[in-house]
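Need coordinates for the below:
(one chain, ligands or ions: 1)
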Amino acid sequence: MKYLKIIGNKNIEGEISISGAKNAALPLIACTILSKNKIAINNMPNVADINTFLRLIEKLGGTYEKNKDEVKISTLSIDKTTATYDIVKTMRASILVLGPLLARFGHCEVSLPGGCAIGQRPVDLHLKALEQMGAIIEIKNGYIQATAPQGLKGAKIVFDKVTVGGTENILMAAALAKGTTTIINAAKEPEIVQLCEVIASAGVKIEGIGTSKLIIEGTDKKLLEIQDFTVIPDRIEAGTYMCVGAITNTKLKINNVIPLHLEAIISKLEEMNFEIIQEENSVTVLPTDEIKPVNIITTEYPGFPTDMQAQFMALATQANGVSTIDERLFENRFMHVSELLRLGADIHLNGNIATINGKAGTLNGTDVMATDLRASSALVLAALVAQGETNIHRIYHLDRGYEDLEGKLSSIGVDVKRFNE
Ligand code: EPU
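Reported below is the predicted structural model:
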């Protein structure tokens, strides 16, 4: 297994360019299943989860060609409708083929995603909504078996809880369903907005894009003609590199971002006493004479993202005072705490609230274990300011969602190398 060795050093400088958003690209690849034409997608991040999803499209019978950050996908040849366990177990986002496969073929089978390191992550809301659209769903031998003998029909869906993946699955299903689907309490993340825009590029009428009420007019066509598009920048990768600037307390410019998508992150960094310069496509973190503590509650967009909580915890270890982080979305997203403790952090957990007693210069390098994608990036951040050497094990988690992490960090002066155990 591979591990990263980072030698703590605060002298970083330069600029970082952000890649396409993994969490936008995954549903967008799924949505190519709805289209009869080949689609060229630009700014596709080169990360393991994307490669896994492309493999899934191939296993279903579709094809793709990759050239740098452009991927052309053709799904007209899809002739299988099962997302098998071997793929779903490595990537839960495989559930995103459920809506489009069912809408296109009238039946499909998707291995039921199990829990994962950050929580149980059920998919009951996806299934209930599809049933309301006329699907018959059975769970058998670990698989979701879905059929829609009469085809899917539009329905009024009220999500009990805001769900990103659930909203995406229903949006895609609704595009090929008969009649109008209304989604109440829809997710509003930028990734959802882009999915709406891409589906709308095929002539599907969607009202309320970017709000919690989406109204989708299903088309009469069997398949759509989706236009080529460019994946939006990854706001979580951007936020993570903003934390690189902040934790090392040096000026760092982050290019290829949409500052509007970063508002909650910028606001929390400002509360921590950092000045952030916002330009059209970039943000720059400036150093501060005192890192102040912060209180964070994770919530749905446009609130503070759960995907940035671990990184801010690493940053809070360097603040002058006591910070709190209240995780409201996932029940077990604090696996990084015990690893940060190994580095010498002073953190107490009470249920889903972490209290971080910050004091600069208290971290000492050692061996730590990555447990999930964002937890791993918190360990990288901590390693940047830890005294001596930190070895981060199980970095396949990082490779799932951060493109060329070592290359980007090395380019700003971080001493980071990858080794085989
Ligand atoms: N939930 C249910 N039932 C459902 C669906 C969700 O109870 O049917 C619960 C979940 O257990 C969770 C909450 O609702 O407590 C929100 O889950 P959501 O469905 O919104 O999350 P997701 O679609 O599975 C996406 C991102 C995650 C990100 C969350 C929240 C992708 C591929 N994944 O997951 O990203 O944390 O939204 O913003 O878009 C990551 O990138 O590291 C990551 C985990």
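
Read off the pLDDT value for the nearest residue in space to Pro287 that is not next to it in sequence.
Closest residue in space to Pro287, ignoring its immediate chain neighbours: Asn249 at 4.6 Å, by CB to CB, 6 or more residues apart in numbering. C-beta here means a position set from N, CA and C on the backbone, and glycine is covered the same way. At Asn249, the model reports a pLDDT of 96.

which residue ranges form the helices in the stretch 1-150 of the chain?
22-31, 48-60, 85-88, 98-105, 124-132 (DSSP state H, counting those that start in this stretch).

For this structure, what lies in contact range of the ligand?
By CB under 6 Å from any ligand atom, the residues of the chain that approach the ligand are 23, 26, 93, 119, 121-126, 161, 163-166, 305-307, 329-330, 373-374, 401.

Filter these down to the buried ones and express that as a PyMOL selection.
Burial among the residues of the chain next to the ligand is assessed by 16 or more other CB atoms under 10 Å; the matching PyMOL selection reads:
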select buried, resi 23+26+93+121+123+125+126+163+164+165+166+305+306+307+329+330+373+374+401
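
that older thread, okay if I get the helices of the stretch 1-150 of the chain as CSV plus distance to Thr147 and mean pLDDT?
Formatted as CSV, the helices of the stretch 1-150 of the chain follow (distance: least, CB to CB, whole Å; pLDDT from 0 to 100):
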stretch, distance to Thr147, mean pLDDT
helix 22-31, 19, 98
helix 48-60, 17, 97
helix 85-88, 19, 94
helix 98-105, 8, 98
helix 124-132, 10, 97
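
among these, which is nearest Lys221?
Of all these, helix 98-105 sits nearest to Lys221, with 11.1 Å by CB to CB.

got a list of contacts for the closest one?
By CB atoms under 8 Å, 6 or more residues apart in numbering, the surrounding residues in contact with helix 98-105 are 30-31, 33-34, 60, 78, 81, 83, 108, 110, 126, 130, 135, 144, 146-148, 152, 168-177, 222-223.

what about Asn67, how many residues close to it?
The number of residues packed near Asn67 is 9, by other CB atoms under 10 Å.

repeat for Lys68
By the measure other CB under 10 Å, the count of residues near Lys68 is 8.

Please report the distance of it from Asn256.
15 Å (CB to CB, to the nearest Å).

What distance do you get for Asn352 to the ligand?
11 Å (CB to the nearest ligand atom, to the nearest Å).

Next, count neighbours for the residue nearest to Pro287.
By other CB under 10 Å, neighbour count at Asn249 equals 20.

now Met133
Neighbour count for Met133, taken as other CB under 10 Å: 24.

Now the residue nearest the centre of the chain. Nearest residue, chain neighbours left out?
By CA atoms, centre = their mean, the chain has its centre lying nearest to Asn23, at 3.9 Å. In this structure, Asn23 finds its nearest non-sequential neighbour in Glu191, 5.0 Å apart by CB to CB, 6+ apart.

if I've got this straight, that neighbour is in a helix?
Yes. Assessed with DSSP: H, G, I helix; E, B strand; the rest coil, Glu191 lies in a helix.

what residues are up against it?
Here Glu191 is in contact with 21, 23-24, 27, 164, 168, 232 (CB under 8 Å, 6+ apart).

Show the backbone phi and psi for Pro305.
Main-chain torsions, Pro305, degrees, to the nearest 10: phi -70, psi 140.

Local confidence estimate at it?
Per-residue pLDDT puts Pro305 at 98.
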